[in-house]
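Colleague: next come a sequence and a model predicted from it.
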Amino acid sequence: MKKIFLISALAVSIVLSACGSGQTQVPSSNMENPSNEESESLNMDSEIVTSIDQLTFPLGQEINSDSFTGTAYIAPMISNDDIYNFPATNNVTFEPSARSSWHTHGGMIILVTGGVGYYQEEGKPAQIIRKGDVIECEAGVKHWHGASPDSYFSQMVIFDSDYVPEDDMNTQEEMVTDEYYENLEAVDYDGRNITDNNAFMFQKADEPFISDTFSGPAYVSSIIEGDNVAGAPGLHYVVFDKGVINNWHTHEGGQILIATDGIGYHQIEGEDVEILHPGDVAFCPPGAKHWHGGSSDTEFAHISVNTNPDLTGLEWFDRISAEEYDNLSLENEE
């Protein structure tokens with residue numbers, strides 16, 4: 001039950017204004033003699049993305065708007081509907097040096113999905129953000145965001161699309177000029193929680209979750225709690241060891257899965273198995289029976305969202321057979 005959404009001018013305009021706010025200056029690659037600390041912040045080879053093909057989330061279509069400097073793309077992922085009641089969600093990709101204008105909008109969560117970029121709120125230092133970082137921007141806060149000079153940059157944005165600014169609020173967009181951008185003095189994002197040995201998009205839990213409802217170890221951590229600026233339910237991060245899947249189960253309020261790493265499976269009862277790659281979104285309606293997990297070849301990770309959080313019912317059933325799973329793995333290899 002994958003969904004495909006058309007890109008509307010309204011969606012683009014909302015995303016443009018869902019970026020960041022601030023007026024301090026951020027470091028750029030034009031520094032001739034950066035300090036060791038600055039060099040480490042801006043030139044970490046494992047995080048800088050020099051080719052758009054290195055990004056794993058969907059590119060979408062190019063944004064044609066004066067609200068952006070440089071080339072950026074938008075890929076709608078989740079629309080706010082009456083089934084899941086989850087905030088509008090898109091993935092936005094920036095080519096090196098591309099950026100939004102200063103803008104305001106409803107509360108927004110940024111989940112960095114690749115590369116190195118900047119985020120700045122008005123009156124605060126610009127911050128260097130990297131894959132795995134999670135940022136909350138309060139409603140009405142003026143901000144901008146975009147790529148660093150040396151890296152492609154990709155971010156998933158979850159935002160309150162129903163936000164209506166106050167009548168006296170100045171919502172006019174202002175360009176982030178080349179002069180301003182080239183003389184930025186940025187600091188590392190102080191909310192970063194990714195450890196050096198973490199191999200996944202977001203932080204993997206330290207200890208495995210062991211349960212009879214899973215065929216093996218899975219690791220469950222929290223990306224963001226339910227009390228957040230976008231009004232979204234809590235987002236959890238689940239990492240499956242190779243070959244680990246869960247049992248058939250139902251969520252009273254439904255569930256959305258966003259694949260981030262490896263190759264995995266999702267199946268709703270009576271429907272074909274979906275093969276999930278990074279950036280794919282799987283939807284399971286309220287009360288529908290489904291299962292999900294990893295392939296036999298790779299560890300698999302996804303963001304997990306139990307939608308309609310006031311509906312908390314969860315019921316577990318049996319698991320697919322080893323033979324059924326092995327046949328899936330063979331199909332995946334083909």
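Modeller: Looks like it came in fine. Residues are numbered from 1 along each chain as shown.

Colleague: all helices for the stretch 1-150 of the chain, in order.
Modeller: Listed in chain order, the helices of the stretch 1-150 of the chain (DSSP state H, counting those that start in this stretch) span 9-16, 36-42.

Colleague: is I275 bridged to anything, and to what?
Modeller: Beta-bridge pairing for I275 (DSSP bridges): Y265.

Colleague: I figured it hits Q267, correct?
Modeller: No: using Cβ atoms under 8 Å, I275 is not in contact with Q267, being 10.2 Å away. Using the backbone N, CA and C atoms, a C-beta is placed for each residue, glycine as well.

Colleague: lowest average confidence across the helices of the stretch 1-150 of the chain, which one?
Modeller: When these are compared on mean pLDDT, helix 9-16 scores lowest, with a mean of 37.

Colleague: report the contact partners of the nearest residue to E274 once chain neighbours are set aside.
Modeller: Closest residue to E274 apart from its sequence neighbours, by Cβ to Cβ, 6 or more residues apart in numbering: H266 at 4.6 Å. Going by Cβ atoms under 8 Å, 6 or more residues apart in numbering, H266 touches 257, 273-274, 276, 282, 284, 290-292.

Colleague: ok, now I256?
Modeller: 78, 84, 86, 281-284, 304-305, 307.

Colleague: and with 10 Å instead?
Modeller: With contact taken as Cβ atoms under 10 Å, 6 or more residues apart in numbering, I256 is in contact with 3, 77-78, 84, 86, 89, 233, 235, 281-284, 302-307.

Colleague: among the residues you listed, which are located in strands?
Modeller: Counting by DSSP state E, the part of the contacts of I256 found in strands is 77-78, 89, 235, 281-284, 302-306.

Colleague: where along the stretch 151-300 of the chain do the strands fall?
Modeller: 153-159, 187-188, 218-224, 235-240, 249-251, 255-261, 264-268, 274-276, 281-284, 289-294, 300-306 (DSSP state E, counting those that start in this stretch).

Colleague: give me whichever of the ones you listed is most buried.
Modeller: strand 153-159 (a mean of 27; mean count of other Cβ atoms under 10 Å).

Colleague: so where's the stretch 51-200 of the chain uncertain?
Modeller: Counting by pLDDT under 70, the stretch 51-200 of the chain has low-confidence residues at 161, 166-171.

Colleague: rounded mean pLDDT for stretch 286-303, please.
Modeller: 97.

Colleague: tell me the SS of D326?
Modeller: The three-state label given to D326 by DSSP: H, G, I helix; E, B strand; the rest coil is helix.

Colleague: so what's it up against?
Modeller: Contacts of D326 (Cβ under 10 Å, 6+ apart): 243, 296.

Colleague: go on, D318?
Modeller: D318 touches 213, 247-248, 291, counting by Cβ under 10 Å, 6+ apart.

Colleague: swap in P286?
Modeller: Neighbours of P286 in contact, by Cβ under 10 Å, 6+ apart: 83-85, 250-255, 307-308, 311, 313.

Colleague: how much space between I268 and A282?
Modeller: Distance from I268 to A282, counting by Cβ to Cβ, to the nearest Å: 9 Å.

Colleague: burial count for the closest residue to I74 other than its chain neighbours?
Modeller: Closest residue in space to I74, ignoring its immediate chain neighbours: G60 at 4.8 Å, by Cβ to Cβ, 6+ apart. Using other Cβ atoms under 10 Å, G60 has 17 neighbouring residues.
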